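Enquirer: mind folding the following:
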Amino acid sequence: GMPQRDKMAENSTPAAAALRYGVDFGSDGYTLSYFNNATATVDLLVNELSSRKTPIAVSFQGRHRLFGNAALDAANTNLKNTLLHVLDASAGPEGFKPSPFECCTVLTDDSADQVRFEVAYELADATTAILSTSQVLVLAWKDILRRVFQHVGTREGDVILVAALPDTKSPRVACLREAFQLAQASHNGTARPVQVSYVSRGETAAACYQYRYKLADGQAKAETGETKVETDETKVVGVLDVGHGYTSLTLLKCSDTHSQTLGSTTVPIGCRQVDEQLFDLVAAELASKHKLTVDAQSKAGSRLLKACSKARQVLSANTTTDIVLESFGEYGKDYVFKPTREQLETQCQSLVEEMSAAITEGLAQCDVTAETVTALELIGGGTCIPFVQALATTVLGPDKLRTTLDRVCATAIGAAIVASRVTPERASKNAEGVAQDLVDTEVRMQEQDDAIRKLHSARNALESYIFDTRKLRNGDFAAKFNSETTLPVLEAAEDWLYSDEAEKAQDAEVYTRKLATVQSEVESLNGELFEAMKQAEVAKAEKQALEKAQWEAEAALEPKEDKLLHDTRKLKKADRLKLVIRNKEEATELFKGGNFGHATERYIRALGHCRQFFDLTPDDEEEINGVQATLHLNLAMCYIKQSAWKKALYSCQESLKLKADNPKAYYRMAVACEQLKTYDEGVNAARKGLTLAAGDPALTKLAARLEAKEAKRKAAEKKNYAKMFS
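Expert: Got it, this is the predicted structure:
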């Protein structure tokens, strides 16, 4: 198995310049990874909800196309137009077996090269659409491309991406390739073409194992005769991957320095099929005991399946669990079920037999006996299920199960490792081989998506302006707010938002013009207020600049034991980094011992060394910026311990300049703001932190406390103003 590439190449470019990414295409979602050339390590990238996995779900609502979590949310009210198992359909009409829980209309005509879906979707004058699998999966590729180029930023170099699929059979690869080409041809955010290769999960499992144990890939060398993995010094290792919809077994022949893939086998069995078996068990009990029939393609069926999925996870750790269905079914009654692990195992006996047969067949295909397999690595959420572990032990023998690979993200890690081995080629954004009518249709759908996005953004801008302007009557300059004339303007604008004119608007310009009109009217009525706010912002910026200068002057006067200020040595990156790490580790030890002052000095010294790097590559700069962001954050904690609140706030701000997606920095910033009594800034910081770490208990508690203090401050301020004018 060499990767199947989209061959759009003419000239080669230096491999060192390439930016390399991996994506694990799972049946329920995708995970994106990045290979750092400078450190030869893999980073797992998170989405806007701070999650590594993004659901591969697509929903159609009127003129809207929704993807990911937005599509999952829409499924609650729009099941018939929400597609949850699109990747499975990429196997083609012959290889795709529709799930009994798939509610949309699926067309599997054997004469067609792809599975098609009929959905209620408005485009031009049509109210329904029949879309191929590639036309649906294009949204997954667009989301991946958007995140990849967001991560690439301004860095130069070829972009290489390896997509790990359940298998690399021609219908699936052709479908994914067409979807990718459609995405590139119509995606406005694509700064440059991307070179994509398609590999099986078996190849990524092997690559992940090699990465974990620092083994060279002996496959290609063995094929050319340069190197062979010697038989008398080897062991056979298996990697069993049980994901959401597929199970694969990969067998490797390993020596102390190399590993070689013997073979891999995949079957369409995974956690989803276990959930469906548990659904059947509970549904049968509902029918026999309560005379209630649950349709798999109904909202009740979808709700029960989700409950069964959660129960399956609990039963992996406990022998029993509760499934509670409140206000469920036709009569809205409450039901409680207590399935046991033993019941689930009995219910899944047919799946156990299929998986056992697949493992046995995988061994036979590689001419390997169970006795010769020395270890079996378990990856994928399904390997947490006790009966899966039991069947693996039954087939291969006792004491062979291992969990030394990343159980959840091994495939994504392996995909990035495979990407690190791909030779860069000249890629093209042209949709070569794709029918022009498909490209034209996707361009029209993208234009409609963009128009809707602009429309929503413009409406949100008007709503936000109305909300924020109302808040000014309780702000720092409430006495200057002309409530008598301004509030009627805001109320009229809010009424307009729910008028027929606004609801039927198709052009964002309608909202933009309305916002400009309202904004102009409000500012003309409150000139004194806005001038005072402007002056306050200027004064605040000047004060912060002065404080920063004072802190820097104080830091310059502090003794430098290693004479860092006069250190003009042009040290290599590795040597300078050792000094940074040494000071950081010493600071951490001092902090743990409660010596916050000396810990502060060490962190400042580590930051000073960070300013001494030179001639860094883009990857090196990214690495050092990450180190600096951590140092500033640790420094903020030192200042918090010393009640130096303004310095703590400044350190958090510096950390966020380097790494804007760190909820811990927003938390510490909010803590500092609370002590400085700038509660409004603290609330904003806590809320930003919660967008990155939704539901975080500490951030949630802090945000609530700050909101209460800000409300109390405004109430007291309002009371004081009332006394002034009484």
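Enquirer: what residues of stretch 87-101 count as buried?
Expert: Residues of stretch 87-101 classed as buried by neighbour count (16 or more other CB atoms under 10 Å): L87, D88, A89, S90, A91, G92, P93, F96, S99, F101. Where C-beta positions appear, they are placed from N, C-alpha and C, glycine not excepted.
Enquirer: ditto for stretch 339-353
Expert: The neighbour-count check on stretch 339-353 (16+ other CB under 10 Å) flags P339, R341, L344, E345, Q347, C348, L351, V352 as buried.
Enquirer: mind listing what the first one touches?
Expert: With contacts defined as CB atoms under 8 Å, 6 or more residues apart in numbering, the neighbours of P339 are L278, L281, V282, A311, L315, T320, T321, I323.
Enquirer: repeat that for 10 Å
Expert: Residues in contact with P339 (CB atoms under 10 Å, 6 or more residues apart in numbering) are 278, 281-282, 285, 308, 311-312, 314-315, 320-323, 347.
Enquirer: now swap in the second one and tell me
Expert: Applying CB under 10 Å, 6+ apart, we find R341 in contact with R312, V314, L315, S316, A317, N318, T319, T320, T321, I385, P386, F387.
Enquirer: picking that back up, which pair in the buried residues of stretch 339-353 has the greatest spatial separation?
Expert: Set against one another by CB to CB, those have their most distant pair in P339 and V352, with a gap of 16.8 Å.
Enquirer: report the distance from the one helix or strand E681 maps to to the chain centre.
Expert: For E681, the element it lies in under DSSP states H and E is helix 679-692. Distance of helix 679-692 from its chain centroid, counting by CA atoms, centre = their mean, to the nearest Å, is 21 Å.
Enquirer: where does pLDDT dip in this structure?
Expert: For the chain, applying pLDDT under 70 flags the ranges 1-17, 110, 187-191, 219-232, 427-431, 551, 554-568, 718-726.
Enquirer: the longest strand in it is where?
Expert: Counting residues, the longest strand found in the chain (DSSP state E) is strand 258-267.
Enquirer: buried residues, whichever helix or strand comes after that strand. List them.
Expert: Next helix or strand after strand 258-267 toward the C-terminus (DSSP H and E): helix 271-290. Of all the residues in helix 271-290, those buried under the rule 16+ other CB under 10 Å are 271-279, 281-283, 286.
Enquirer: by contact count, what packs against helix 271-290?
Expert: Secondary-structure packing of helix 271-290 (3 or more CB pairs under 10 Å, 6 or more residues apart in numbering; DSSP states H and E): helix 299-315, strand 323-328, strand 333-337, helix 341-347, helix 349-365, helix 386-396.
Enquirer: each with direction, which strands does the third one pair with?
Expert: Sheet neighbours of strand 333-337, with direction, are listed as strand 323-328 (antiparallel) (DSSP bridges).
Enquirer: what's near enough to touch R459?
Expert: By CB under 10 Å, 6+ apart, the residues touching R459 are L497, A502, E503, A505, A508, V510, Y511, T512, K514, L515.
Enquirer: look up phi and psi at the fourth one.
Expert: When quoted as degrees, to the nearest 10, the phi and psi of A505 stand at phi -60, psi 130.
Enquirer: that one and Y335, how far apart?
Expert: A505 is 45 Å from Y335, where distance means CB to CB, to the nearest Å.
Enquirer: then the second one?
Expert: Between A502 and Y335 the computed distance is 44 Å (CB to CB).
Enquirer: and L32, helix, strand or coil?
Expert: strand (DSSP: H, G, I helix; E, B strand; the rest coil).
Enquirer: ok, L66 next?
Expert: strand.
Enquirer: in a markdown table, list the contacts of R341 along with distance to A357 and neighbour count.
Expert: Converted to a markdown table, these look like this (distance: CB to CB, whole Å; neighbours: other CB atoms under 10 Å):
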| residue | distance to A357 | neighbour count |
| --- | --- | --- |
| R312 | 22 | 25 |
| V314 | 28 | 15 |
| L315 | 24 | 24 |
| S316 | 23 | 21 |
| A317 | 27 | 10 |
| N318 | 29 | 11 |
| T319 | 27 | 10 |
| T320 | 30 | 13 |
| T321 | 29 | 19 |
| I385 | 17 | 21 |
| P386 | 20 | 14 |
| F387 | 15 | 20 |
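Enquirer: pick the one among those residues closest to A300.
Expert: Closest to A300, out of all of those and judged by CB to CB, is R312, at 18.7 Å.
Enquirer: would you mind confirming that the closest one is in contact with L344?
Expert: Yes: R312 is in contact with L344 according to CB atoms under 10 Å; the separation is 7.1 Å.
Enquirer: mind listing the helices for the stretch 551-700 of the chain?
Expert: Ranges of helices within the stretch 551-700 of the chain are 573-592, 596-610, 618-641, 645-658, 663-676, 679-692, 697-725, based on DSSP state H, counting those that start in this stretch.
Enquirer: from the chain's centre, how far out does the last one sit?
Expert: The chain centroid and the centroid of helix 697-725 are separated by 35 Å, computed with CA atoms, centre = their mean.
Enquirer: ditto for stretch 461-471
Expert: Counting by CA atoms, centre = their mean, stretch 461-471 comes out at 30 Å from the chain centroid.
Enquirer: return the set of buried residues in it.
Expert: Going by neighbour count (16+ other CB under 10 Å), the buried part of stretch 461-471 is A461, L462, Y465, I466, T469, R470.
Enquirer: make CSV out of the buried residues of stretch 87-101 and add distance to T41 and secondary structure.
Expert: As requested, those are arranged in CSV below (distance: CB to CB, whole Å; DSSP: H, G, I helix; E, B strand; the rest coil):
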residue, distance to T41, secondary structure
L87, 28, helix
D88, 32, helix
A89, 35, helix
S90, 31, coil
A91, 34, coil
G92, 37, coil
P93, 42, coil
F96, 37, coil
S99, 37, coil
F101, 39, coil
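Enquirer: tell me the one of those residues nearest R668?
Expert: For the buried residues of stretch 87-101, the residue nearest R668 by CB to CB is L87; the value is 40.4 Å.
Enquirer: could you report the distance from that closest one to E94?
Expert: 16 Å.
Enquirer: list phi and psi for V159.
Expert: The phi and psi values for V159, taken as degrees, to the nearest 10, are phi -110, psi 120.
Enquirer: pretty sure it contacts R20?
Expert: Yes: V159 is in contact with R20 according to CB under 10 Å; the separation is 8.1 Å.
Enquirer: which neighbours do these two share?
Expert: With CB under 10 Å, 6+ apart, V159 and R20 have common neighbours Q195, A419, P424.
Enquirer: give me the subset of the residues you listed that lies in strands.
Expert: Secondary structure from DSSP E places Q195 of the shared contacts of V159 and R20 in strands.
Enquirer: whichever of the shared contacts of V159 and R20 end up buried, select them in ChimeraX.
Expert: To isolate the buried members of the shared contacts of V159 and R20 in ChimeraX, using 16+ other CB under 10 Å:
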select :195,419,424
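Enquirer: closest one of the shared contacts of V159 and R20 to V236?
Expert: Checking the shared contacts of V159 and R20 one by one against V236 (CB to CB), the nearest turns out to be A419, at 26.7 Å.
Enquirer: returning to that earlier point: which of the helices of the stretch 551-700 of the chain sits closest to P171?
Expert: Short answer: helix 618-641, nearest of the helices of the stretch 551-700 of the chain by CB to CB, at 37.3 Å.
Enquirer: now for that closest one, which elements pack on it?
Expert: Packed next to helix 618-641, using 3+ CB pairs under 10 Å, 6+ apart, are strand 29-36, strand 41-44, helix 573-592, helix 596-610, helix 645-658, helix 663-676.
Enquirer: which parts of that helix are buried?
Expert: 618-620, 622-624, 627-640.
Enquirer: ok, now stretch 646-655?
Expert: K646, K647, A648, L649, Y650, S651, C652, Q653, E654, S655.
Enquirer: save those residues as CSV, and put in distance to T441 too.
Expert: Below are the buried residues of stretch 646-655 laid out as CSV (distance: CB to CB, whole Å):
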residue, distance to T441
K646, 57
K647, 57
A648, 54
L649, 52
Y650, 52
S651, 52
C652, 48
Q653, 47
E654, 48
S655, 46
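Enquirer: and the residues you listed, which two are the farthest apart?
Expert: Greatest spacing in the buried residues of stretch 646-655, by CB to CB: K646 and S655 (15.1 Å).
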